[in-house]
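Colleague: Sharing a sequence plus its predicted fold:
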Amino acid sequence: MNELSPRAQRIIEDIQKIRVNDAPTHGGRVLSYVYDSGIAELDELAAAAAREVQAVNGLDPTTFPSIAVMERDLLGFTRAALNGGDDVFGNVTTGGTESCLLAIKTARDVWRAKNKQFGRHAVGRIVAPSTVHAAIHKAAAYFDLTLDLVPVDPTTGAVSAEAVINRLDSDVAVVVLSAPNYPYAQLDPIEKVARVTLERDIALHVDACIGGFALPWWQGVAQPWDFSVPGVTSISADLHKYGYAPKGISILLQRGVQRHRAQYFSIVGWPGYPVVNPTLLGSKSAGPIASAWAITSYLGKEGFAELVARTQRATQELIDGMSQVVGLRVQGDPTGPLFAIVCDEAVRPSERVDPHLLVDELRTRGWFFQSQPGCFQADGSSLPHSAHLTITPVIADQTEDLLDAVRQSANIVRGRSSAGQSELVHKAAAAVMGVLAQHGVGADGSGVDDVPSQVIHQLLAVLGFDPGVGDLPTDMSSLLATAQRIPSPIAQRLLTEVLALVVQPAADPF
Ligand SMILES: *Cc1c(COP(=O)(O)O)cnc(C)c1O
């Protein structure tokens, strides 16, 4: 690598300073967002590979055939891992969200083309369990589909095949099941549902964004879930998760040449160059493809199998250990390298451990679990709030340390219902609702989108977030706790405002 000039070196130091408040990306202490293989060389390899194609535009594989070569290889590897035959095609996308959006958009277009009687702009239905990833909510919103959420069992987080099958009708554009789902790692009943969707010619997308590069080597998966199941029409799998690639790469595979081609957008009728896009983006970075290609080539099937074996051992140790902590319980029967812990309501209140208080306590010890809010389902049942853990290979040597931290933290927060906190939160929520009512917002949050941003800023100030500063609230967890106690449209508006404020343009620094 070339030496940087002192001037350039100072700029890199500036970035290092800007990064001081970031959560650690390596070492396994952050149990979400980052996927650390624990193989130090992979980072260097990924960076060197990305540098090789840094200036390439991934838009056009006819001008830069290297992109096509690497994409083809990654698709071939993934198709084999997911038991796809030669009727399975696909593309590289920039992430799980893009893969899911594209799968849904394609399914919608195929469904509309087959059901002309409903009209060109028919609003079809997506049927999916309540635990389906938010990316599918986003797809419904973007592509004008109705998301019909099937309640899951609140005590296990699992959905029954019958409940999904009962929702099927001719207006269903696509069913989405997960392998496994993100919140609780339940493997949805793909095989049973696929039998019916196949017979009725309904698309079935399997969201394996998180499981796609782990489950193929996971021991004891209870049911087939990939292209070996005939009714599965598409699968999303993220290379930037258990493929250990830097962010910006996922795979979407489609069964059938027609379905795959329906995914493409092409236009020659404008005065510029012919545009043929297989995915949502136009010009795009080639870096993530090169990094993923290099990492996949380095690991090979054996490497993936080894890393998954390490991860599976660690996951089992952590599940066993945490299940023994009085007051906590692991939600349902997880499949794959992730799980969620919830409060064990079967023990006396004085023995219960609130997962969010546990998360706060663990954070002071340098372990970052992900708090997941509870939520209501369409049938009125409620899913408990929980703490999510994504387990990566790097943690295999630290499971005892982590379990010690969990036991100690549980001892500190045990018996504390989040009551103290919840009184404050309750007051904050009431204050928010009171102010909004004066601005004509309904108790269900209706009309909140018409409230001016200045009013929302005042509310954020009440919640301890100074909108003038632009830094994140120091106490994100109580802001999130408040968000959980107000109607979703209001919570969404508040959080949107927070995230918009943190990127409010600063005075020109350059
Ligand atoms: C991560 C994930 C997604 C979204 O992927 P991004 O890469 O964050 O866009 C979708 N579905 C599931 C199951 C996931 O775990």
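Modeller: Nice, I can see it. Numbers count the residues shown, from 1 in each chain.
Colleague: Which residue ranges make up the domains of this structure?
Modeller: Per automatic domain parsing, the domain ranges recorded for the chain read 50-295, 302-413, 423-501.
Colleague: first vs last residue of the longest one, how far apart are they?
Modeller: One end of domain 50-295 sits 11 Å from the other (CA to CA, to the nearest Å).
Colleague: What is the distance between that domain and the centre of its chain?
Modeller: Chain-centre distance of domain 50-295: 13 Å, with CA atoms, centre = their mean, to the nearest Å.
Colleague: And for the last one?
Modeller: For domain 423-501, the separation from the chain centroid amounts to 24 Å (computed by CA atoms, centre = their mean).
Colleague: so what's the residue nearest to residue 190 when sequence neighbours are not counted up against?
Modeller: In space, and not counting its chain neighbours, residue 190 is closest to residue 225: 4.5 Å by CB to CB, 6 or more residues apart in numbering. Placement of C-beta: from N, CA and C, glycine included. Neighbour list for residue 225: 179, 187, 188, 190, 191, 206, 208, 211, 215, 232 [criterion: CB atoms under 8 Å, 6 or more residues apart in numbering].
Colleague: Relative to the ligand, which of the domains of the chain is closest?
Modeller: The ligand lies closest to domain 50-295 among those, at 2.1 Å (CB to the nearest ligand atom).
Colleague: Tell me the residues of the chain that contact the ligand?
Modeller: 95-97, 100, 133, 135, 178, 182, 207, 209-210, 238, 250 (CB under 6 Å from any ligand atom).
Colleague: okay if I get those residues as JSON lines plus pLDDT and neighbour count?
Modeller: Listed next are the residues of the chain next to the ligand as JSON lines, based on pLDDT from 0 to 100; neighbours: other CB atoms under 10 Å:
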{"residue": "95", "pLDDT": "98", "neighbour count": "20"}
{"residue": "96", "pLDDT": "98", "neighbour count": "26"}
{"residue": "97", "pLDDT": "98", "neighbour count": "20"}
{"residue": "100", "pLDDT": "98", "neighbour count": "27"}
{"residue": "133", "pLDDT": "98", "neighbour count": "21"}
{"residue": "135", "pLDDT": "98", "neighbour count": "22"}
{"residue": "178", "pLDDT": "98", "neighbour count": "29"}
{"residue": "182", "pLDDT": "97", "neighbour count": "23"}
{"residue": "207", "pLDDT": "98", "neighbour count": "29"}
{"residue": "209", "pLDDT": "98", "neighbour count": "27"}
{"residue": "210", "pLDDT": "98", "neighbour count": "26"}
{"residue": "238", "pLDDT": "98", "neighbour count": "25"}
{"residue": "250", "pLDDT": "98", "neighbour count": "30"}
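Colleague: What about those residues, which are in helices?
Modeller: Residues of those located in helices (DSSP state H): 96, 97, 100, 135.
Colleague: low pLDDT regions in this protein?
Modeller: Where the chain drops to pLDDT under 70, the residues are 1-2, 418-421, 467-475, 477.
Colleague: In terms of helices and strands, where is residue 142?
Modeller: helix 134-143 (DSSP states H and E).
Colleague: what does that helix contact?
Modeller: 96-97, 100-101, 103-105, 108, 126, 128, 145-147, 176, 207, 209.
Colleague: What residues sit buried inside it?
Modeller: Neighbour-count burial for helix 134-143 flags 135, 136, 139, 140, 143 (criterion: 16 or more other CB atoms under 10 Å).
Colleague: Tell me the helices and strands packed up against the top helix by length along the chain.
Modeller: The longest helix of the chain (DSSP H) is helix 287-323. Helix 287-323 sits against helix 40-52, helix 65-81, strand 328-330, strand 338-343, helix 399-413, with contacts defined as 3 or more CB pairs under 8 Å, 6 or more residues apart in numbering; DSSP states H and E.
Colleague: can you give me the angle the fourth one makes with helix 399-413?
Modeller: What separates the directions of strand 338-343 and helix 399-413 is an angle of 20 degrees, with axes from the mean of the first three to the mean of the last three CA atoms, to 10 degrees.
Colleague: which strands and helices sit next to strand 338-343?
Modeller: helix 287-323, strand 328-330, helix 355-364, strand 386-390.
Colleague: Which residues in the last one does the neighbour count mark as buried?
Modeller: Along strand 386-390, these residues count as buried under the neighbour rule (16+ other CB under 10 Å): 386, 387, 388, 389, 390.
Colleague: can you pull the contacts of the closest residue to the third one other than its chain neighbours?
Modeller: The shortest distance from residue 388 to any residue other than its chain neighbours is 4.2 Å, reached at residue 370 (CB to CB, 6+ apart). For residue 370, the set of contacting residues under the criterion of CB under 8 Å, 6+ apart consists of 31, 32, 33, 359, 387, 388, 389, 390.
Colleague: cool, residue 310 as well?
Modeller: 38, 393, 396.
Colleague: Which entries within these meet the buried criterion?
Modeller: If we count by 16+ other CB under 10 Å, the contacts of residue 310 have these buried: 38, 393, 396.
Colleague: Export these to a markdown table and append columns for secondary structure.
Modeller: Listed next are the buried ones among the contacts of residue 310 as a markdown table, based on DSSP: H, G, I helix; E, B strand; the rest coil:
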| residue | secondary structure |
| --- | --- |
| 38 | coil |
| 393 | helix |
| 396 | helix |
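Colleague: For residue 113, state which of the residues you listed is nearest.
Modeller: Proximity of the buried ones among the contacts of residue 310 to residue 113 (CB to CB) peaks at residue 393, which lies at 43.7 Å.
Colleague: Run through the residues that contact that closest one.
Modeller: 36, 37, 38, 307, 310, 311, 314.
Colleague: cool, and residue 92?
Modeller: Taking CB under 8 Å, 6+ apart as the test, what residue 92 contacts is 71, 74, 75, 239, 249, 250, 251, 279, 289, 292.
Colleague: That one in helix, strand or coil?
Modeller: Applying three-state DSSP: residue 92 is strand.
Colleague: distance of it from residue 70?
Modeller: Using CB to CB, to the nearest Å, residue 92 is found at 8 Å from residue 70.
Colleague: hey, what's in contact with both of these two?
Modeller: 289, 292.
Colleague: Next SSE downstream of the helix holding residue 142?
Modeller: strand 146-150.
Colleague: And the contacts of that following strand?
Modeller: 123-130, 132, 136-137, 140, 159, 163-164, 167, 172, 377-378.
Colleague: Surely residue 318 and residue 401 touch.
Modeller: No - Residue 318 lies out of contact with residue 401 (CB atoms under 8 Å); the separation is 11.1 Å.
Colleague: ok, residue 46 - contacts?
Modeller: Taking CB under 8 Å, 6+ apart, one finds 245, 246, 291, 294, 295 in contact with residue 46.
Colleague: now for these, which pair is the farthest apart?
Modeller: Every pair of those checked by CB to CB; the farthest is 246 and 294, at 10.6 Å.
Colleague: Good, we can wrap up now.
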